[in-house]
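>>> What follows is a predicted structure for the sequence shown.
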Number of protein chains: 2
Amino acid sequence: MTDYYQKMNSWVPVDPDSGYTIHNLPFGIFSTPELSPRVGVALGDYIIDMRMLARLEFLEALCIDTTVFNRDSLNDYIDCGRDVWKKTRQILISLLRETDHDSPLKDHFEQVFVPRRRAMMHPPIKCQDYTDFYSSLEHATNVGKMFRPDNPLMPNWRHMPVGYHGRSSSLVTSGHEIIRPQGQIMPKDAEKPVFSASKALDFELEMAFIVGKKTEMGEQVPVDQTEDYIFGMVLFNDWSARDIQKWEYQPLGPFLGKSFASSMSPWVITMDALEPFRCEGPEQEPEVLPYLKQQKQATHFDINLSVEIRPGRYADLEVVSKSNAKFLYWSIDQQLAHQTVNGCNINIGDMMASGTISGPTHDSCGSLLELTKGGSSPILFKDGQTRTYLQDDDVVILRGHCEKNGIKVSFGHVRGYIGPAREPSK
Amino acid sequence: MTDYYQKMNSWVPVDPDSGYTIHNLPFGIFSTPELSPRVGVALGDYIIDMRMLARLEFLEALCIDTTVFNRDSLNDYIDCGRDVWKKTRQILISLLRETDHDSPLKDHFEQVFVPRRRAMMHPPIKCQDYTDFYSSLEHATNVGKMFRPDNPLMPNWRHMPVGYHGRSSSLVTSGHEIIRPQGQIMPKDAEKPVFSASKALDFELEMAFIVGKKTEMGEQVPVDQTEDYIFGMVLFNDWSARDIQKWEYQPLGPFLGKSFASSMSPWVITMDALEPFRCEGPEQEPEVLPYLKQQKQATHFDINLSVEIRPGRYADLEVVSKSNAKFLYWSIDQQLAHQTVNGCNINIGDMMASGTISGPTHDSCGSLLELTKGGSSPILFKDGQTRTYLQDDDVVILRGHCEKNGIKVSFGHVRGYIGPAREPSK
């Protein structure tokens, strides 16, 4: 049961192509017209109602206050700690795995298994602080060339996972409308800025990890001891208004060009589910400082990522980019070690996003800024439409999944719909 | 009672020099060995226990659930809205003002009035998102000259209140130890960075306002309609490690050079208490965009600020800077309008800090970076010691007060003690 690489099946019917397999068991917050928001675990087309599972006394071995499953965020469950996360997974696998004998759960199927199509998903965590890193060498180089042609990659970039603090109030989950932001824009060759709705609204293909254990001020998380501190990962879209960002970002970094919204996928994939998909990251040259130096080789994760756009209300979704989390230069362990090296305290539910994940080829770029070369080379869709940046009524979907030796683990997707700018007040 | 400018006295003994007068009535969270953390209002050497005041039915006219006073943050009280803030002030003034007849509160003095020296103060609010602006023209110019000699003031600076998202996990209140941060530093003329405790630890003299009403995503707070959205103000010290900041800040702005700690004063001065001290701000040239254009003239506040340093454990406190909030270029209304112009939603308890408040003269600079000209011109203390940046065991105290026509309103102080860097984990 602890061998991550041994293929298992569940007695619960699961579409073989579905990534919501018994190997996945991702955590989220769901509700139905009858059920208040609570913790659920996805399996196939179902959600396991963890509150009901606890009430039926299947989770006694956890030895925790199981009211943590009757919450509208995962934070209290996460606070139970890594031993409980692992034990929960073991219990679920033993209850769900196909074996010679019948699972005791079969007698409670209707009570415990909620059809996913009946459920509404909520943001999985309450996040106080959200950091956005900038950990893709390709993205940093591509963007650097456009914003600073003479100086694309800053001298610090290969020495540290550069990042900034994001705005956590505007974190939303899949399906939330993204209202086109307004603000100051400096038109090309103009002498003064204008007020306008953004004309360069973009997505950013990212992943984020969720902090699983708090630290006190002054404490550092060593780069090779991050296991207790990372609960799991989600897909993340850091919506960006490039025109607002370009005018505002010096010298203090991105602000209103980002703070209007960021979307996360509703299912949190645990680190145990991701373990079989570990892989090596790129060689880091020059050598990093000791606090960033990892002993293990398999510091990265092989997660296939894609971006689809539906250009307008009546069009079809089309894939515009395919990338992979393994392309990232900096690992999540290095990000966490860097975030805390100055003694900055972290809290359960904090999110740390990767930054845009671009690959080595043009069709693996993780933003329209890169895919359209700064808006100069539009994307052509099958119905003849073109896009440089996103228009109202467009839909953007990020997807992610891992696959190896017949084992599949899906991140599902995170979807955003672009709504028109609101009438400015007054 | 609604005439802000009419001098009043209280029957409670208040040192005439004290700024905790009946005109002030600041809100905070206190506890004593006997009393759990709760809402208090300062007056002279006392704290009014608002929970007890409610229990004695002096606050019935508020028509609110008075358990909001039995909390460890002001957030729930603030959530009652501006009408309640104003009515609370009226009730307190009518109970505390010296008149011909005895206040009914006199019979309950021992129950309601807690000596301030017996109280421990806690952070007054729970803050999810904290923004740091950069709103002093003098500071931006002084610092810009050092970091970017050829390009001190960015072209965007006079068009918008530039700001960045700060880290809210490390917000603390007065008295909290500030642990010297460690991190990457690029020594002058070196080829690669080193790991080190910061050798350029600095304070920043700032003020911050506290958001009093939430907005939804897409909503904008108009610059002339901010009253409901601002509960009050505090002193704010945005501790900064200049050497870490200098190496990391491009292109995404300050991160670990700031995120290790920021300190706020424990008493929140309400906007009603500050009303008599309104004044004009500096002329803004070029003219700002309409969403930042204010109708009223008195957009700023005349708040005297000072910084004291105690160099080491055995020295005396000495004033190293005197500044004033009226020197700020951008008003708090403009900051709030800018923060929300892109539709970014705000929450009760969000903090928006001013950025370092430097005045026009050298002795009004709000940071050591400026006072010591980037560390090249040390400060000489009376006992012969010198400082460029802060050393372990140093103490920094920020103070603030308003005074006009015999009316005095004090912000008290915010104190930070510099503790040594922790042993790095392995």
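Received the coordinates, thanks.
>>> What helices and strands are in contact with the lowest-mean-pLDDT helix or strand in chain A?
Lowest by mean pLDDT, DSSP states H and E among the helices and strands of chain A is helix A:137-147, with a mean of 91. Packing partners of helix A:137-147 (3 or more C-beta pairs under 8 Å, 6 or more residues apart in numbering or on different chains; DSSP states H and E): helix A:368-371. C-betas here are computed from N, CA, C, even on glycine.
>>> Tell me the gap between the helix it packs on and the middle of its chain.
Distance of helix A:368-371 from the chain centroid (C-alpha atoms, centre = their mean, to the nearest Å) equals 20 Å.
>>> Just checking: what are the partner strands of the next helix or strand after that helix?
Using DSSP states H and E, the helix or strand that follows helix A:368-371 towards the C-terminus is strand A:379-380. Sheet pairing of strand A:379-380 (DSSP bridges) gives strand A:386-387 (antiparallel).
>>> For the strand it pairs with, what does the pLDDT average out to?
The predicted model assigns strand A:386-387 a mean pLDDT of 98.
>>> From the rest of the structure, what touches it?
Residues outside strand A:386-387 that contact it (C-beta atoms under 8 Å, 6 or more residues apart in numbering or on different chains): A:309, A:311, A:368, A:372, A:378-381, A:394.
>>> Check the residues you listed against B:Y130 and report the nearest one.
Nearest to B:Y130 out of the contacts of strand A:386-387 is A:L368 (C-beta to C-beta; 30.5 Å).
>>> if I read this right, the closest one contacts A:F203, doesn't it?
Yes: if you go by C-beta atoms under 8 Å, A:L368 and A:F203 touch, sitting 6.8 Å apart.
>>> Before we go further, A:M233 is sitting in a helix, right?
No: when DSSP: H, G, I helix; E, B strand; the rest coil is applied, A:M233 is found to be strand, with no helix at that position.
>>> where's it relative to A:P26, distance?
To A:P26, A:M233 is 10 Å away according to C-beta to C-beta, to the nearest Å.
>>> Check A:E138 too.
Taken as C-beta to C-beta, the span from A:E138 to A:P26 is 28 Å.
>>> Kindly report the same for A:Q128.
To A:P26, A:Q128 is 22 Å away according to C-beta to C-beta.
>>> Spatially nearest residue to the closest residue to chain B within the stretch 151-300 of chain A (excluding sequence neighbours)?
Closest residue of the stretch 151-300 of chain A to chain B, C-beta to the nearest C-beta: A:G253 (2.4 Å). Spatially, and ignoring its direct neighbours in sequence, A:G253 is nearest to B:G253 (2.4 Å; C-beta to C-beta, 6 or more residues apart in numbering or on different chains).
>>> now do the same end-to-end measure for stretch A:252-260.
Chord length of stretch A:252-260, first to last residue, is 17 Å (C-alpha to C-alpha, to the nearest Å).
>>> tell me the average confidence for it?
Averaged over stretch A:252-260, pLDDT sits at 97.
>>> Distance from the chain centre to that stretch, please.
Mean C-alpha position of stretch A:252-260 versus that of the full chain (C-alpha atoms, centre = their mean) differs by 19 Å.
>>> Excluding its own residues, what touches that stretch? List them.
A:132, A:164, A:166-167, A:170, A:178-179, A:181, A:183, A:238-246, A:248-249, B:134, B:162-165, B:217, B:249, B:251-254, B:338-339, B:341-344.
>>> Among A:E138 and A:P26, which residue is more densely surrounded?
Each of A:E138 and A:P26 has its neighbours counted (other C-beta atoms under 10 Å in any protein chain shown); A:P26 has more, 25 against 21.
>>> pLDDT score assigned to the more buried one?
As predicted, A:P26 sits at a pLDDT of 98.
>>> Count the neighbours of A:S377 for me.
For A:S377, the neighbour count with other C-beta under 10 Å is 12.
>>> Any figure for the gap between it and B:D394?
From A:S377 to B:D394 the distance is 56 Å (C-beta to C-beta).
>>> Mutual contacts of A:M233 and A:P26, please.
A:268-269, A:411.
>>> picking that back up, which neighbours do A:L368 and A:F203 share?
Common neighbours of A:L368 and A:F203 (C-beta under 8 Å, 6+ apart) are A:L390.
>>> partners of the nearest residue to A:D394 once chain neighbours are set aside in the sheet?
Using C-beta to C-beta, 6+ apart and skipping residues adjacent in sequence, the residue nearest A:D394 is A:I418, 4.7 Å away. On the basis of DSSP bridges, A:I418 is bridged to A:I178.
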